[in-house]
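A.B. asks: turn this into a structure:
(one chain, ligands or ions: 1)
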Amino acid sequence: MKYAFLGGGKMAQALALGMLRGKVCVAEDIVVADRLQAGGESFVKATSGRLMKSNAAAAAEADVVLLCVKPGDASAALEEAGVELKDKLLISIVSGLTVSRLSGMAFGARVIRVMPNTAAMVGMSATAIAVTVETAENDVKIAEKIFGAVGGVHSVTENQLDAVTGLSGSGPAYVYLMMEALSDGGVAAGLPRPLALDLAVQTVRGAAEMVAVTGDHPALLREMVTSPGGTTIAALGVLEKAAVRSAFIDAVKAATDRSRELSGDGN
Ligand SMILES: NC(=O)c1ccc[n+]([C@@H]2O[C@H](COP(=O)([O-])OP(=O)(O)OC[C@H]3O[C@@H](n4cnc5c(N)ncnc54)[C@H](OP(=O)(O)O)[C@@H]3O)[C@@H](O)[C@H]2O)c1
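C.D. replies: Below is the predicted model of the structure:
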């Protein structure tokens, strides 16, 4: 199977590298087209894929076309690919662009909309694939294979995709903020900055792994490390007083609402 990337930026490179690492394909199966020569060249340098002169030339080579441009560039990119998209599988990672809007611009391609997150760059994306009644099972399998190479994949309905954006799409930023604050706390408590940051990183990584590996609810794991009259309950009291838990809930809801607004609620 041949793959064409329209847009050779950060996410396209992360995906292509994951596909190569995961042996979904070999470099000879990948082509790219970018608006600027430099963008395409950086993709080619990273992946050894082939640089095509235009989106149409790239799409013509492929069975699967991956739309990896910014939202404002999507319609131009598809217009440039034109009739070469016909009967291909078009997979879009463009935020806020609904399946129905994509289908209207896809020149007869079958469309799948996917929401990965930035951790695709380190093979740890939380990805959701929007499956509609029209999505063919085999096309879902192709998308699962591609995005499975850069992390974990879930199938959702399209109307869940705004909530996915609010949780895992924007979520890395919430965790970065939390890690920054934790390391500031360490510095305030007397630790050198590099040590504080390293401890924050390992703590978040370890806690995530504990939830993933044990399958236990986070509340149970939290209870297990909270001894009567100890240090953890002292800290948890402060977090509850500052309403951190409801702030996270409201943050996910705010990002979900914003995603709905940006996509014109066209789901
Ligand atoms: N980054 C994330 O964490 C993340 C997560 C989920 C979804 N997404 C979605 O992924 C998409 C790509 O994001 P990114 O961070 O990879 O962006 P990026 O690094 O800016 O890459 C986009 C590339 O597409 C090129 N391009 C622009 N117009 C084009 C056209 N008409 N034909 C071909 N190529 C064109 C851009 O060239 P120029 O540099 O010249 O503009 C750029 O090289 C976005 O729609 C975003 O919503 C990103």
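
A.B. asks: what ranges does the stretch 1-150 of the chain have for its strands?
C.D. replies: For the stretch 1-150 of the chain, applying DSSP state E, counting those that start in this stretch gives strands covering 3-6, 30-33, 50-51, 64-67, 89-92, 110-115, 125-130.

A.B. asks: pLDDT of the fifth one, averaged?
C.D. replies: For strand 89-92, mean pLDDT is 98.

A.B. asks: renumber starting at 18 from here on
C.D. replies: Got it, first residue is 18 now, which makes that one strand 106-109.

A.B. asks: what comes into contact with it?
C.D. replies: The set of residues external to strand 106-109 that reach it, using C-beta atoms under 8 Å, 6 or more residues apart in numbering, is 80-84, 91, 95, 119, 123, 126-131, 156, 159-160, 163. The way it works is simple: take the backbone N, C-alpha and C, and place the C-beta from them, glycine included.

A.B. asks: and these near the ligand, which?
C.D. replies: For the ligand, no contacts are drawn from the contacts of strand 106-109 by C-beta under 6 Å from any ligand atom.

A.B. asks: filter the residues you listed to the buried ones?
C.D. replies: Buried by 16 or more other C-beta atoms under 10 Å: 81-84, 91, 95, 119, 123, 126-131, 156, 159-160, 163, out of these.

A.B. asks: how about stretch 40-56 as CSV, C-alpha atoms only?
C.D. replies: The C-alpha trace of stretch 40-56 is given here as CSV (Å, rounded to 0.1, in the frame of the first residue of the first chain):
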residue,chain,number,x,y,z
LYS,A,40,6.9,-1.7,9.8
VAL,A,41,3.5,-0.5,8.5
CYS,A,42,5.4,0.3,5.3
VAL,A,43,8.8,1.0,3.9
ALA,A,44,10.2,4.3,2.8
GLU,A,45,9.6,3.5,-0.9
ASP,A,46,5.8,3.4,-0.1
ILE,A,47,5.8,7.0,1.1
VAL,A,48,5.5,10.3,-0.9
VAL,A,49,5.0,13.8,0.3
ALA,A,50,4.1,17.2,-1.1
ASP,A,51,4.4,20.4,0.8
ARG,A,52,3.7,24.0,0.0
LEU,A,53,7.4,24.9,0.3
GLN,A,54,10.3,22.9,-1.0
ALA,A,55,12.0,23.3,2.4
GLY,A,56,9.1,21.7,4.3
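
A.B. asks: neighbours around A225, how many?
C.D. replies: 13 (other C-beta atoms under 10 Å).

A.B. asks: looks to me like it is in a helix.
C.D. replies: Yes: with DSSP: H, G, I helix; E, B strand; the rest coil as the criterion, A225 is located in a helix.

A.B. asks: would you mark the buried spots in the strand or helix carrying V218?
C.D. replies: Taking DSSP states H and E as the definition, V218 sits inside helix 210-231. Along helix 210-231, the positions that meet the burial threshold by neighbour count (16+ other C-beta under 10 Å) are 213-214, 217.

A.B. asks: give the contact list for the closest residue to G168 other than its chain neighbours.
C.D. replies: Among residues not flanking G168 along the chain, S142 sits closest, at 3.4 Å (C-beta to C-beta, 6 or more residues apart in numbering). Applying C-beta under 8 Å, 6+ apart, we find S142 in contact with 31, 133-136, 164, 167-169.
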